[in-house]
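> Please find the sequence and the predicted model below.
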Amino acid sequence: MRALITDPTSDKFVERLRGFGVDVDYRPGIPREELLKIVGGYEILVFRSRTKVDQELIDRGERLKILARYGVGLDNVAVDYAIKRGITIVNAPNAPSRSAAELTIGLMLALARRIPLLDKEVKAGKWPKGKYMGVELYGKTLGVIGFGRIGRLVAQYARSLGMNVITSDVIDVSKEAEKIGARQVGFEQLLRESDAISVHVTLNPSTYRMLDDARLSLVKDNAMLINTSRGEVIDADALLKHIDRLWGAALDVLPEEPPKSEKLLRLISHEKVIVTPHIGSETAEAYERLAEELAVNIQEAIKRL
Ligand code: NAD
């Protein structure tokens, strides 16, 4: 088996692949033209978000049997086409969950106490003590939209902070929610009742701009909104319209990354908005877990061939 790695991965991952007999070519950053020329010689392609694994690339990869996304999202992969060609797709969906959940809690606390704003002012020589009164999270209601891997962890952490947790999902998660003292409710009820709302859905047609103007109108004044899922889930223009009456919003993901459009730039530079550059998975531990999880999934896929 020959594997081509087209984006940066850890050395340990490369060693793991070689360890189970795969002949690995490590070519991070390989230009598209060159990739198209050589992909035909490999059974396994390992890539991150930079490499567009579209129909053209798959067609050139005549021997391809396994597409391995070094991460979670498959937005850059022609999934249906690959499946039609009988290619197995593997990724590492569990690896970043804890890191993304911890970031979510960090962002919620940063919003509650306006930490980035205070940090900026003190560094600029000011002493804004008494200028921004914070809020506690204890006793507040957190609405978790999407009770999957990350949503569940966020709910658990929030429970340990003394928050009440409600959740909405398209599937019945009521039993799992009850186990950690949370409660499943309808989407609109969640929007109406939450003091903080955290979004953890996958991007799909039902979640694209699920928080639009009409939905955001249901959210309480002074509620906070955290999004570490996918930027397209929130209609950024609508959020800009509502931001003044909300407590604030913390966004690790944006509909345009990096942001360029004038309205999006206005939103992220708003005093009540905290923004981070899609760093949910960026911890040493998540990267370590990712290498391990993906190597195991590739090994299993090879066995099934
Ligand atoms: P998951 O698949 O485990 O959970 C997603 C949940 O959303 C599922 O329970 C699903 O039923 C639910 N859902 C789908 N459509 C819904 C809808 N319309 N309404 C309510 N619920 C709905 O996913 P996960 O691993 O928990 O990841 C959650 C999100 O976080 C994904 O969008 C993922 O891409 C993103 N993510 C971001 C980062 C980052 O760097 N910020 C890192 C990892 C994951």
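Alright, I've got the coordinates. Bear in mind that the values here come from a model prediction, so they are computed numbers and not experimental data. Residues are numbered from 1 along each chain as shown.

> Not counting sequence-adjacent ones, nearest residue to the residue of the chain found nearest the ligand?
Among the residues of the chain, G148 lies closest to the ligand, at 1.7 Å counting by CB to the nearest ligand atom. For the C-beta atoms, the positions are set from N, CA and C on the backbone; glycine is no exception. Counting by CB to CB, 6 or more residues apart in numbering, H200 is the residue found nearest to G148 once chain neighbours are left out, at 6.3 Å.

> Same question for G71.
Counting by CB to CB, 6+ apart, the nearest residue to G71 once its immediate chain neighbours are dropped is R48, at 5.6 Å.

> per-residue confidence for the one you found?
R48 is assigned 95 on the pLDDT scale.

> cool, and S99?
S99 is assigned a predicted lDDT (pLDDT) of 98.

> again, but for the one 4 residues further on
The model reports L103 with a pLDDT of 98.

> where's it, which helix or strand?
Following DSSP states H and E, the helix or strand that holds L103 is helix 97-113.

> next SSE after that helix?
Per DSSP H and E, the helix or strand that comes after helix 97-113 is helix 115-123.

> do the helix holding L103 and the ligand meet at all?
Yes. Helix 97-113 reaches the ligand (CB under 6 Å from any ligand atom) through 97, 100.

> Then stretch 260-276?
No. Stretch 260-276 is not in contact with the ligand by CB under 6 Å from any ligand atom; minimum separation 8.4 Å.

> Beyond the helix or strand where R192 lies, next helix or strand please.
R192 is located in helix 187-193, with elements delineated by DSSP H and E. Downstream of helix 187-193, the next assigned helix or strand under DSSP H and E is strand 196-199.

> Mind listing the strands that next one pairs with, and their directions?
Here strand 196-199 is paired, per DSSP bridges, with strand 141-145 (parallel), strand 224-227 (parallel).

> What lies in contact with the longest one?
When contacts are taken as CB atoms under 8 Å, 6 or more residues apart in numbering, the neighbours of strand 141-145 outside the stretch itself are 108, 151, 154-155, 158, 163-169, 182, 187, 190-191, 193-201, 210.

> do that again at 6 Å, thanks
151, 154-155, 158, 163-168, 190, 193-199, 201 (CB atoms under 6 Å, 6 or more residues apart in numbering).

> residue contacts, I58?
I58 touches 81-82, counting by CB under 6 Å, 6+ apart.

> For T51, see how far away it is.
12 Å (CB to CB, to the nearest Å).

> I figured R183 hits T167, correct?
No. Counting by CB atoms under 6 Å, R183 stays clear of T167, with 7.3 Å between them.

> higher neighbour count, those two?
Counted by other CB atoms under 10 Å, R183 and T167 do not tie: T167 has more neighbours, with 26 against 13.

> So what touches the one helix or strand that one maps to?
Using DSSP H and E, T167 sits in strand 164-168. Contact with strand 164-168 is made by 141-145, 147, 155, 158-159, 177, 182-185, 187, 190, as judged by CB under 6 Å, 6+ apart.

> what's the overlap in contacts for R183 and T167?
Residues touching both R183 and T167 by CB under 6 Å, 6+ apart: A177.

> For E271, give me the backbone phi and psi.
With angles defined as degrees, to the nearest 10, E271 sits at phi -60, psi -30.

> Give the closest residue to it in space, chain neighbours not counted.
Closest residue to E271 apart from its sequence neighbours, by CB to CB, 6+ apart: L117 at 6.6 Å.

> tally of neighbours for that neighbour?
By other CB under 10 Å, neighbour count at L117 equals 18.

> got the domain boundaries for this structure?
Under the assignment automatic domain parsing, the domains of the chain span 2-95+284-304, 97-275.

> Look up phi and psi at the closest residue to N91 other than its chain neighbours.
Nearest residue to N91, sequence neighbours excluded (CB to CB, 6+ apart): R69, at 4.1 Å. Main-chain dihedrals, R69, degrees, to the nearest 10: phi -90, psi 120.

> bridging residues for R69?
Counting by DSSP bridges, R69 is bridged to F47.

> correct me, but it touches V90?
No. The criterion here is CB under 6 Å, and R69 misses it with V90 at 7.3 Å.

> These two: which has the busier surroundings?
In this view R69 and V90 are compared by other CB under 10 Å, and R69 has more residues nearby, 25 against 19.

> and the more buried one, how far is that from F47?
Distance from R69 to F47, by CB to CB: 7 Å.

> State whether G134 is indeed within a helix.
No. Counting by DSSP: H, G, I helix; E, B strand; the rest coil, G134 falls outside a helix, being coil.
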